[in-house]
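Asks: Sequence first, then the predicted structure:
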Amino acid sequence: KNQVEQSPQSLIILEGKNCTLQCNYTVSPFSNLRWYKQDTGRGPVSLTIMTFSENTKSNGRYTATLDADTKQSSLHITASQLSDSASYICVVSEQENNDMRFGAGTRLTVKP
Amino acid sequence: DVKVTQSSRYLVKRTGEKVFLECVQDMDHENMFWYRQDPGLGLRLIYFSYDVKMKEKGDIPEGYSVSREKKERFSLILESASTNQTSMYLCASSSSFGSYEQYFGPGTRLTVT
C-alpha cells in the first residue's frame, strides 16, 4: 500500500475559483513534506516544503498546510488560473534515511 | 538555478533494443536518481547513486541498469527493452547537504513498440 495517498485523483474547476487538494500519509518517522507541481510533459517543480514544526507555508496563490498529528496535508489554490492546470504531487520524506515517498498526484484542470 | 537535462524528450524504440537514457546536472550534486512515472502510480524509484561509480537499487530495478562514471552524469540503461517499459522517465539530483530537495529534469517519454 502506498504510504502517501492523494485525493482527488483528478479535479476540474473554473478559472478564478479556489480548490483544495488533499494528501494523507503513513510515512514514519516523518522528516518533511513537499508539494510539487508538474506541468504536462515536464518534470516536477517544488512549490513548498514543510517540516514537523511548520503547519502552513505559502507560495503566492498556493498555501500548504500540515497536521503532523493526523498525518494530513492540503494544498489550497486561490483564484485559479489556466496555468495552474497540472499534476500536483505530494512527497513525504522519512527522517532516518531521507527516503522520499511519492503520492500518485492530483490532476487539476482549470477551464476558462 | 539548478539545471537537470535529459538527452531526449521523446524516444521510440523496438522490443529487444538496448536503450540509453542520459541525465546531466550542473550543480555538483552528489545524489542522482532515476524514476519512472505511470498514470495512477506516481513516481517510482528505479535506481539512485550517491557518488561516482556508486549505485543503489530502488523500488523497481528489474530490467534496468545504471552507470555513473562522472559526478554530473547518470545514465539509465535498458538492456533489452520491452513494451512494459513504455513510460515517462524522470531524472533528478540533490545535494547531500541542506534540504535534500530533488531537482527534476524535463523527462523522457519512451515508447517501446
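Replies: Here it is on my side, so go on. Residues are numbered from 1 along each chain as shown, chains lettered A, B, ... in the order given.
Asks: so where's chain B shaky on pLDDT?
Replies: Residue ranges of chain B with pLDDT under 70: B:1-2, B:97-100.
Asks: which residues touch the residue of chain A found nearest chain B?
Replies: For chain A, the residue positioned closest to chain B under Cβ to the nearest Cβ is A:Gly43, at a distance of 3.2 Å. All C-beta atoms are positioned from the backbone trio N, CA, C, and that covers glycine. With contact set as Cβ atoms under 8 Å, 6 or more residues apart in numbering or on different chains, A:Gly43 has these partners: B:Val4, B:Leu90, B:Ala92, B:Phe104, B:Gly105, B:Pro106, B:Gly107.
Asks: What helix or strand is the second one located in?
Replies: Meaning B:Leu90. strand B:87-94 (DSSP states H and E).
Asks: Check which residues of that strand are buried.
Replies: Using 16 or more other Cβ atoms under 10 Å in any protein chain shown as the test for burial, strand B:87-94 gives B:Ser87, B:Met88, B:Tyr89, B:Leu90, B:Cys91, B:Ala92, B:Ser93, B:Ser94.
Asks: and it, what other elements does it pack with?
Replies: If you count contacts as 3 or more Cβ pairs under 8 Å, 6 or more residues apart in numbering or on different chains; DSSP states H and E, strand B:87-94 packs onto strand B:4-6, strand B:19-25, strand B:31-38, strand B:73-78, strand B:103-104, strand B:108-112.
Asks: And the third one, what does it pack against?
Replies: Yep, that's strand B:31-38 we're talking about. So strand B:31-38, by 3+ Cβ pairs under 8 Å, 6+ apart, packs with strand B:19-25, strand B:42-49, strand B:73-78, strand B:87-94.
Asks: what about 7 Å?
Replies: The contact analysis (3 or more Cβ pairs under 7 Å, 6 or more residues apart in numbering or on different chains; DSSP states H and E) places strand B:31-38 against strand B:42-49, strand B:73-78, strand B:87-94.
Asks: Quick check: chain neighbours aside, which residue is closest to the closest residue to chain A within chain B?
Replies: Using Cβ to the nearest Cβ, B:Phe104 is the residue of chain B that sits closest to chain A, at 3.2 Å. Spatial nearest neighbour of B:Phe104, excluding adjacent residues (Cβ to Cβ, 6 or more residues apart in numbering or on different chains): A:Gly43 at 3.2 Å.
Asks: Show me what the strand holding B:Leu90 pairs with in its sheet, parallel or antiparallel.
Replies: Applying DSSP bridges to the sheet, strand B:87-94 is found paired with strand B:31-38 (antiparallel), strand B:103-104 (antiparallel), strand B:108-112 (antiparallel).
Asks: want to throw those into CSV with distance to A:Asn97 and mean neighbour count?
Replies: Conversion of the strands paired with strand B:87-94 to CSV gives the following (distance: least, Cβ to Cβ, whole Å; neighbours: other Cβ atoms under 10 Å in any protein chain shown):
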stretch, distance to A:Asn97, mean neighbour count
strand B:31-38, 12, 23
strand B:103-104, 20, 22
strand B:108-112, 27, 18
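Asks: Would you mind giving those strands as a markdown table with distance to A:Ser87 added?
Replies: Converted to a markdown table, the strands paired with strand B:87-94 look like this (distance: least, Cβ to Cβ, whole Å):
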| stretch | distance to A:Ser87 |
| --- | --- |
| strand B:31-38 | 9 |
| strand B:103-104 | 12 |
| strand B:108-112 | 15 |
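Asks: Which of these sits closest to A:Ile49?
Replies: strand B:103-104 (12.7 Å; Cβ to Cβ).
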